[in-house]
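Participant: Sharing a model that was predicted from the sequence below.
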Amino acid sequence: MNEDHIDGAGLFEAGATLVDHGGDATWAEGPVWIPALRAVRFSDIPGNRILQWTQDDDQVRVYAEQAEFTNGRTLGHDGAVIQCSHGRRHVEIDRDGTVTPLVERWNGHRFNSPNDVVVKSDGTVWFTDPSYGIKRPAEGHAGNLEYRDHWVFRFDPESGSVEPVIMDVEMPNGLAFSPDESLLYVSDTSIDLPSDEPNPSGAHWIHVYDVQDGRLCKNGRIFKMIEPGLPDGIRVDEHGNVWSSALDGVHVYNPTGRRIAFLRTPLKVGNLCFGGEDGRTLFVVATTRLHSIRTTVRDAAQMLRESKAGEPKRDRSRRRVRG
Ligand code: MG
């Protein structure tokens, strides 16, 4: 039996073990695999730095300092890195080291401190907006809740529209779509209040919503409670399994909510992503360090993106003309 994982569904490669790539983060978050660099970029939020591990030499280096407290990140369809910034209270693009704002306000109000972000196959950008970055001195700059709540937003770069899509999650944090994008999973981590006051009755679970017309979230319900710890970052694989961070490692649930695998890590996990050349390596940021392990599955979003990239483009323009 492997000491670092329990696998009831063949999700880890035979003989796979957890690899420690090092790192000296204060609290690591927001990993993304960047194919062009063969690298994983991730945030050290309290360190106010961005770190980057390169596969070719297995080294973690400082990519940026005074980075305005970045948190979650993902890849845009053009390969640029889209990331959340607590310090700037917006979502931004890093294109070859040049950082520009992507979405800054809703209805004139600044966001709280965008936490995690995904790009849907139609190019829209969905992100969570809890208040950790404006209420915790170590994770951003002090500020007020300008729209007085914590929501999940959808930004359409084509039209420029910004809309709240989920308003009834107390402290939205990680998010991920199901393989066909008919479901959106959003974690609620209100057990961990930005004020750091104890909140034992707070949430540490993953909600799931039906996505209607590709842009509306309805019928929210609890998918799974995560313990010990909380579901900070989550990912969905090509079979619809939900991979969640937890205090003791990574917990994997099938679409019905049954736990089918568990990866133990030495330190608390903040977030995770799939990557590597074939997309089947799971990268896990655990408190200070980056780990990886080989799996048999890929990220649902990456699979969908590749399948849509193969579709004839004229189909899309025809639909648009007919309106
Ligand atoms: Mg998070």
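Facilitator: Looks like it came in fine.

Participant: and the stretch 151-300 of the chain, which of its residues are near the ion?
Facilitator: For the stretch 151-300 of the chain, the residues in contact with the ion (Cβ under 5 Å from the ion) are 173, 232. For glycine as for every other residue, the C-beta is placed from the backbone atoms N, C-alpha and C.

Participant: And the strands in the stretch 151-300 of the chain?
Facilitator: 152-155, 162-166, 172-177, 183-188, 205-212, 216-225, 234-236, 242-245, 249-253, 259-264, 269-275, 281-286, 289-294 (DSSP state E, counting those that start in this stretch).

Participant: Just tell me which of those ends up closest to Gly79.
Facilitator: strand 269-275 (13.2 Å; Cβ to Cβ).

Participant: So Tyr147 sits against Arg89, correct?
Facilitator: No: with contact defined as Cβ atoms under 8 Å, Tyr147 does not reach Arg89; the gap is 11.5 Å.

Participant: For these two, indicate the residue with more neighbours.
Facilitator: Arg89 (24 against 16; other Cβ atoms under 10 Å).

Participant: The residue nearest to that one when sequence neighbours are not counted bridge partners, please.
Facilitator: Excluding its sequence neighbours, the residue lying closest to Arg89 (Cβ to Cβ, 6 or more residues apart in numbering) is Arg110, at 4.7 Å. Counting by DSSP bridges, Arg110 is bridged to Arg105.

Participant: Just checking, which helix or strand of the chain averages the lowest pLDDT?
Facilitator: helix 313-322 (a mean of 45; mean pLDDT, DSSP states H and E).

Participant: Any regions of the protein where pLDDT drops low?
Facilitator: Along the chain, segments meeting pLDDT under 70 span 1, 312-323.

Participant: Surely Ala36 forms part of a strand?
Facilitator: No: under DSSP: H, G, I helix; E, B strand; the rest coil, Ala36 sits outside any strand and is assigned helix.

Participant: Correct me if wrong: it contacts Asp78.
Facilitator: No: here Ala36 does not reach Asp78: they are 10.9 Å apart, not a contact under Cβ under 8 Å.

Participant: okay, and the common contacts of those two?
Facilitator: Listed contacts common to Ala36 and Asp78 are nil; contacts here mean Cβ atoms under 8 Å, 6 or more residues apart in numbering.

Participant: most tightly surrounded among the strands of the stretch 151-300 of the chain?
Facilitator: Among the strands of the stretch 151-300 of the chain, strand 242-245 has the highest mean neighbour count (mean count of other Cβ atoms under 10 Å), at a mean of 28.

Participant: So what's the residue count around the residue lying closest to Ala25 once chain neighbours are set aside?
Facilitator: Among residues not flanking Ala25 along the chain, Asp44 sits closest, at 3.7 Å (Cβ to Cβ, 6+ apart). Per other Cβ under 10 Å, the neighbour tally for Asp44 reads 24.

Participant: and the helix or strand where Gly30 lies, anywhere near the ion?
Facilitator: Taking DSSP states H and E as the definition, one finds Gly30 inside strand 28-34. No: using Cβ under 5 Å from the ion, we find that strand 28-34 stays clear of the ion, coming within 5.7 Å at best.

Participant: hmm, who's touching that strand?
Facilitator: 39-45, 51, 70-75, 79, 81, 83-84, 116, 232-233, 270-276, 279, 281, 283-290.
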